[in-house]
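Engineer: Coordinates only, no sequence provided:
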Ligand code: CO
């Protein structure tokens, strides 16, 4: 059911320093910071040949990334995102199998302008999983 790895998201405290690390130390192509107020983050996209890394800095008072950084002060992998051909069919199949979909269970528009859903980390090996309509 899941397809390509769309991105790995890393929560960071200092977006400018983290962007510089990926750009200057690792030699990657990085985007300009993109505020995503609906998701409580500012994002920098690191473009790799086969996938993306997204650096997430908290934006606003009740950012979910801020809570993550309280538990992981050095930053860390926040979620991984897999593409699916049909996000509603994927959601229904996962719910049938007992997996918990976060929030209302209805897809929201993600950072790439496509519908996304998040799955409970306790159901997926301790990893927050994002599904994105391909
Ligand atoms: Co994501």
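Structural biologist: Structure received. For clarity, every value in this text was computed on a predicted model and none was experimentally measured.
Engineer: quick one, helices of the protein?
Structural biologist: Listed in chain order, the helices of the chain (DSSP state H) span 15-20, 64-71, 87-96.
Engineer: Quick one, which of these gets closest to the ion.
Structural biologist: The ion lies closest to helix 64-71 among the helices of the chain, at 10.8 Å (Cβ to the ion). Where you see a C-beta, it was placed from the backbone N, CA and C, and this is true even at glycine.
Engineer: Remind me what that closest one packs against, helices and strands.
Structural biologist: If contacts are counted by 3 or more Cβ pairs under 8 Å, 6 or more residues apart in numbering; DSSP states H and E, helix 64-71 sits against strand 5-11, strand 52-58, strand 76-84.
Engineer: tell me the most buried of these?
Structural biologist: The highest mean neighbour count among the helices and strands packed on helix 64-71, using mean count of other Cβ atoms under 10 Å, belongs to strand 52-58: a mean of 22.
Engineer: so, in contact with the ion or not, that one?
Structural biologist: No. Strand 52-58 lies out of reach of the ion by Cβ under 5 Å from the ion, never closer than 5.7 Å.
Engineer: What strands line up against that strand, and which way round?
Structural biologist: According to DSSP bridges, strand 52-58 forms sheet pairs with strand 5-11 (parallel), strand 41-47 (antiparallel).
Engineer: quick one: contacts of the last one?
Structural biologist: The one in question is strand 41-47. Residues from elsewhere that reach strand 41-47 (Cβ atoms under 8 Å, 6 or more residues apart in numbering): 7, 15, 18-19, 22, 28-36, 52-59, 63, 65, 111.
Engineer: can we see that at 10 Å?
Structural biologist: Applying Cβ atoms under 10 Å, 6 or more residues apart in numbering, the external contacts of strand 41-47 come out as 7-12, 15-16, 18-19, 21-23, 26, 28-36, 52-60, 63-66, 78, 111-112.
Engineer: quick one on the thing from earlier: for the helices and strands packed on helix 64-71, give me JSON lines that also has mean pLDDT.
Structural biologist: Shown next, in JSON lines, are the helices and strands packed on helix 64-71 (pLDDT from 0 to 100):
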{"stretch": "strand 5-11", "mean pLDDT": "98"}
{"stretch": "strand 52-58", "mean pLDDT": "97"}
{"stretch": "strand 76-84", "mean pLDDT": "98"}
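Engineer: With that, I have no additional questions.
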